[in-house]
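# Here is the input, now give the coordinates:
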Amino acid sequence: MKTWCYQVRDQIEIDATIERVYSVASDPEIVPAYAEEVVRIELVKRLNEHSALVRSHLRVGGLTFAHLYRYHYRAPTNYSGTQEGGKLLRGYFSFTFQSRGARALVSHTEGITSPVPYLAWLVGFIYFRALSRGGVREELDKLKRLVEESHILTDRPENSPH
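Model (predicted):
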């Protein structure tokens, strides 16, 4: 069966190691701090070392909806998720991390798929262009600030546990 897709993508370089960036980006407690639409993420079931079922509580147009997602973890290079169920529409996201020495290049993709022609495009356009005006660029900018500011704070000698 053919599926139709609407997708947005952007990337950013962050002044921190790939391990540090991955750790912050994939932490369910921190995700709502850089992804404005995410209210919270709750673990439903750990499937194995690399995947889990989670319930993502997403804010859309002032309303909050809970969706079951299958998350995939491949530290420190990939963190992604695909909505479970959703016969007409399914959301997905992916982060990939590449080491650039002491820096990390982060690519972020989000999208919607549908088996109904043009439905993913219509819903994706409305969601990513009208409701989520800052989109993935804003998320990446917030992630960069979070990682770089927390990196400075945690690397200061007075914050050292030793």
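
# Surely V8 is in contact with G134?
No: between V8 and G134 there is no contact under C-beta atoms under 8 Å: 11.1 Å. (C-beta placed from N, C-alpha, C; glycine too.)

# Looking at the two, which is more packed in?
Counted by other C-beta atoms under 10 Å, V8 and G134 do not tie: V8 has more neighbours, with 17 against 11.

# Secondary structure element for the more buried one, which one?
strand 4-14 (DSSP states H and E).

# List the buried residues for that strand?
Neighbour counts using 16 or more other C-beta atoms under 10 Å place W4, Y6, Q7, V8, D10, I12, I14 of strand 4-14 among the buried residues.

# what stretches of this protein score poorly on pLDDT?
Low-confidence segments of the chain, defined by pLDDT under 70: 133, 151-162.

# the strands in it, which residues?
Counting by DSSP state E, the segments of the chain that form strands are 4-14, 38-48, 51-60, 63-74, 78-83, 90-100, 103-114.

# Out of the ones you listed, which gets nearest to S26?
The closest of these to S26 is strand 78-83. By C-beta to C-beta, the value is 4.2 Å.

# For that closest one, give me every contacting residue.
With contact meaning C-beta atoms under 8 Å, 6 or more residues apart in numbering, strand 78-83 is reached by 22, 25-26, 54, 56, 67-73, 90-97.

# Number of residues surrounding H108?
Neighbours around H108, by other C-beta under 10 Å: 22.

# Adjust the sequence numbering to begin at 831 for everything that follows.
From this message on, residue numbering opens at 831, which makes the last subject H938.
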